[in-house]
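Q: Sequence and predicted structure are below.
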Amino acid sequence: MTVDSPVGGVAVGERWARAGARAKVRGELRYAADEPVRPCHDVAVHRGTRPHARIAAIDVSRAAATDGVIAVVTGADLYAELGDRIYTGPAFADQPCLAVDKVRYVGEPVAAVIARSPGAARRAAEEIAVTYDDLPPVHDVDAAVEGGAYVHDELRPSAVFGDLKHLRGRRDTNVNYEYVLRTGDAEGATAAAAHTVRGDFWCPPTHHVPIELPYTAAWPEGDRIEVLSATQTPSYVRQSLADLLDLPLNRIRVRCAPLGGSFGAKMYDRLEPLAAALAWTYRVPVRVAATREEAFLLTTRHGAAVTGSMAADADGMLITADADVRYDTGAYADVGPRITAKSGMIATGPYAIANVGVRSRCVYTNKPSAGPFRGFGVPQVTWAHESLVDELAWERGEDPAAFRRRNLLREGDVAAMGTAMHSADFTACLDAVTEAIGWTGPLERGDGRWRRGKGVAVGIKAVLTPTISNATLQLNQDGSATLLISTVDMGQGSDTIMAQIAAEVLCLGEGRVRVVTADTDVTPYDTITAGSRSTYHTGNAVRLAAEKMRDRLTGLAAGHFGVAATDVKLTPDGLVSAQTQRTVGIADLLHAHFGARGTTLTTEADYSTSWTPYDKETGRSPAVTEHWFAGAAAVRLAVDTATGRVRVEHLAVAGDVGRAINPALVEQQLTGAAVMGLGHALFDQLVFDEGQIVNGTLLDYQLPSVRDMPDRITPIIVESPHRTGPFGAKGVGETAIIPLAPAVSNALRDAIGIRFTRLPLTPERVLTALQKGTA
Amino acid sequence: MTPVFHRPDTLAEAGDLLTRCDHAMVYGGGTAVQILAKQGVLFATDLVDIAGIPGLSGIEETGDGLRIGAMTPLRAVETSPVVRRVAPLAASVYGHVANPRVRNTASVGGNIAHGDYRLDPPTALLVLGATVALTGPDGVRRVPVRAFFVGFQETAVRPGEIVTTIEIPRQPDAAGAGFSKLSSLSANDWPCASAAALLAGTSRAFGRRGPDRLRLGLGAVAPTPVFTEVELANDISEDDAAEAARAAAVPLVDPIPDVRGSAAYKTRLAFVAVDEAVRTAWKERFDDGGLPRGRRRGR
Amino acid sequence: MTTTIELNVNGVRHRLPVEDDDLLLDVLRTRTGVTSAREGCGVGACGACTVLADGRSVSACLARAVRYDGAEITTADGLPEDDPVVDAFVARRAMQCGYCIPGFVLMSHELLAENPDPGPAEIAGHLEGNICRCGTYQEIVAAVRDAAALMGENA
């Protein structure tokens, strides 16, 4: 029997239905916490109440005596078992899963209760009494740079990144990483400028708030440990747990489930070290399910201060720009140092500027740790450069779109950090969004309560480099295929995209390729599912594996037909010999080859990227990234001058995706990122008071609902194929969030003549500025 | 400690529990209590669930207006054809609370007994002159809603008393009503300021206008919901009416600053809300020529 | 106190002993096999735990199970295979990660039962308490309108 579908070979570029679409709508798709696992004990965490303090004593006696409690575990208990291995983290091994000697933020886990029910665990956790000796806290990023109070006694770079080695043991500093970029003569050029603008910009910390809550279950299985976790980084987690427990990799199994959103929240070390340490040390199956309030404490987006300037000559060419960036990484570095460098190198934007100076620092404070968040630190620097370049256009009396257009980097141009542009069509993105909102058309500005304006912004981001992806492809005898990758589908649609890439090569129809959910016992290594890297990297590994499969098939068919392999083509109708005019379907071919039904043919491939590290003096590199993301946003809005409320009437976003593997999914990523970015522009922020989160529940934390949508959203796909992308493709998950906030702010500038430098653009901020005539 | 959950069958039993227990709270719709419990700030020793007590739910038209049982869900008020006819302002304002799920569960009595200064319904109840019936050890006591909110999250409910009914007088046929709710962050957030306005006057023949009374109920702009009324002169213009309303609101506005806005910002929004509510009411009361509109609602 | 309640979950009767403070969400998830209602915020603000009880939407994360003795509970996974709202969501691609979508589906059912032809403002007004962090609102609103049309044709 043949089940080959005749529609193969036309997968790429098609709007295939999202994998599991109906199951998602009916709620039948199982997320991690929906997966049946063996009966687990429940874990509740007792959290610190001080921003910075030494732990003098912990009294667990009442907790231990609570009904249903199996064990009460402190950081000291785990330290006795694990030693310094308790400290984990992707860039710095600085974070213990339970505080060992001191607490560094309000809400840090201090002790854990393992109990027979969630209620018993929670009740017992409340009975734990901790005595603290307070230390001076540092809440503000610039105060932390100054020093005086230090969050960590000494820096502890992890073994993962060789370029952080020189920081080991450094004391008396909160700055855990600094990236510097110098090219040309920034100061000299400023002196020669016709127009210069400067500003101090601020983006507050925010939270990802994926609606699925963090969840990890872990249990010992003989001499192995198994973990089921909501994570974007199963391969990383396996290595991290191997280090934590001092076990070989093959004794650790990390299983994933589809994620109910993540946006950077569920990666690196979240609940996994605690769950694994408890399960392994106490030899019990445990389940750690975070509440929403706890999720706010697990990771955040970096608040960032940027002091910057930009200058143009009399002809309207940008000649110099600088940026001093301070990322508030909170109590633990997480991947902050990477964010600091990757964002620092493009902190002056996608413009051809000969003289650039950037200093980008990652700074500890006594707050919950900040880590990756859709955009990886780039929206924060984009807020600065897209405000500055816009103001420079106003200063020159020039249309902000035209001014940008003249100065944008073009194909082949070498950016300030030394790497050339390719497949990053900023001007096409700019033109597309401005055209979509009718940039040059009439704008009813209003003169009463409502005033209108339009604004635009452009964004650039490098893909994380170097990274590694692997793919294993099994072609089943019946002509269906099973794809083993460790990319995690969290709503971005990777299961669909990867299936389409494999299907395109193998001429298979919709639904013929199934992607296996990541499981480190089964699916091969993949660096991370993050940073919009999967379509390109994993996509290339899948493409290569599929091409090998195609070659295997043509080889087998050549034998079958008795012709040369070059005579055989794989088509939607099967394998065809030009010479003999014979055709054989995959099912028949494999049946004949193996002499059995249900067999599989397996191929595999890896795809790795490399880079040239930054020059230590200049921060430049001729090959800093494998590829670039280019995007733009344009906004038409109305401002209520009575309340300060902004109403977005039309929002257009564009991204250069190289080639859209599935245009429908690309459009959803563009609009989804735009909606999230609109929240950041208008109201979404974490508010702290003396290190304590003030709005850490969904009754108070503000997310866009259907009533906050613009009247109209237009997602636009720009395609300038990448020379090594799978079918020319690159990722798109972050592209639209990057320029969103400055586009809104620039439209406000147009509407009411006021330049804002601090996010979010709340009605109060707008109204106060309207009263004062300045922000 | 988990509070003890009681499910009495009669009001007397419920009242007895409330008097007897150390720190008992009425459990009505349960929305607010469950949230307090989730956040670890429910300090009650006992919860008295009144859902099993017969006769506490339902909407009844009376000679003067409406009698609404305390356990009636907010959404039943919002969608009730009777309420929409007899007191359309109440139906509309109850429909602004939180989201439909909350309104399906939260009860009319619990909502008002919660005493939160940001709630929407009190603004309408204040201008409509509603009365809260409380049943306690000494029988039934009726408290005008204008005397019900006595302090920050503090109401006139005495120990042992339960809100059993809210009585809403009929909204005058020729009255104009308006409601404005202004949030400062996401659209679905708690308000920074809300205002209900009711404009009513003595009917005169042949479209002549007599003096109108303007009633204002404000939410979120002071530690309690607040009320005022002003008499508007004959033949006053819409703009002057709005100005008079804003002036009347000045002494009431005393906002609590929080993440949603400073006191100064909430004060500004309070006047915008008053202005919008009054202008909506004006348009409902008068036609473009400034003459009272005819009867809008049938019986 | 333990009380035995009866829940009719998607047409299947369950007799369940529950404690006074057991939440409907936990009872449905741990005792009746429902996984389509999920906790997202624990305070009734996100809608991921939405179920219909006798046709009315409820935040199951805030609801005491004991209050729902005898109720007909509908969850998204219990809807008929040819459910027009589900079909419209699938056709409109009204999902990304999918975690929140069952809640939107049930809210849409409640809306359409009350108002067979809702306009955009009425749709937004009914769905405003549900958060789709992936930002799929355009598709969701379009799906509700399509579902209204589908149900109108079949009425």
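A: Yes, it's here. Residues are numbered from 1 along each chain as shown, chains lettered A, B, ... in the order given.

Q: Now do the same for the residue nearest to B:Pro255 when sequence neighbours are not counted: helix, strand or coil?
A: Counting by C-beta to C-beta, 6 or more residues apart in numbering or on different chains, B:Lys266 is the residue found nearest to B:Pro255 once chain neighbours are left out, at 3.5 Å. The C-beta positions use only the backbone N, C-alpha and C, and glycine is treated the same way. Under DSSP: H, G, I helix; E, B strand; the rest coil, B:Lys266 falls in the helix class.

Q: close enough to count as contact, B:Lys266 and B:Val221?
A: Yes - with contacts counted by C-beta atoms under 8 Å, B:Lys266 reaches B:Val221, the gap being 5.9 Å.

Q: From the contact counts, what lies against the host helix or strand of C:Asp87?
A: Element membership for C:Asp87 (DSSP states H and E) is helix C:84-91. Applying 3 or more C-beta pairs under 8 Å, 6 or more residues apart in numbering or on different chains; DSSP states H and E, one finds that helix C:84-91 makes contact with helix A:21-26, helix C:101-114, helix C:137-154.

Q: just the angle between it and helix C:101-114, please?
A: Interaxial angle of helix C:84-91 relative to helix C:101-114 (axes from the mean of the first three to the mean of the last three C-alpha atoms, to 10 degrees): 130 degrees.

Q: Tell me where the stretch 101-250 of chain B has strands.
A: Taking DSSP state E, counting those that start in this stretch as the test, the strands found in the stretch 101-250 of chain B are B:131-136, B:139-144, B:149-151, B:154-155, B:162-169, B:176-182, B:193-201, B:212-219, B:226-232.

Q: Show me which residues of the third one are buried.
A: When neighbours are counted by 16 or more other C-beta atoms under 10 Å in any protein chain shown, the buried residues of strand B:149-151 are found to be B:Phe149.

Q: Select the helix or strand of chain B having the lowest average pLDDT value.
A: helix B:31-38 (a mean of 92; mean pLDDT, DSSP states H and E).

Q: other SSEs contacting it?
A: Going by 3+ C-beta pairs under 8 Å, 6+ apart, helix B:31-38 lies up against helix B:108-114.

Q: So the helix it packs on, near chain C or not?
A: No - Helix B:108-114 does not reach chain C (C-beta under 8 Å from any C-beta of the partner chain); its nearest approach is 12.6 Å.

Q: what sits up against that helix?
A: For helix B:108-114, contacts defined as C-beta atoms under 8 Å, 6 or more residues apart in numbering or on different chains pick out B:26, B:28-32, B:56, B:68-74, B:77, B:94, B:97, B:119, B:121-122, B:125, B:132, B:145, B:148, B:153, B:155, B:157, B:162-164, B:166.

Q: helix, strand or coil for the closest residue to A:Ala91 other than its chain neighbours?
A: Excluding the flanking residues, the one nearest A:Ala91 by C-beta to C-beta, 6+ apart is A:Pro337, at 4.5 Å. Here A:Pro337 takes the helix state, with states given by three-state DSSP.

Q: Help me confirm that A:Pro337 comes into contact with A:Arg361.
A: No - using C-beta under 8 Å as the test, A:Pro337 is too far from A:Arg361 to be in contact (9.7 Å).

Q: Report pLDDT for A:Val568.
A: pLDDT recorded at A:Val568 is 97.
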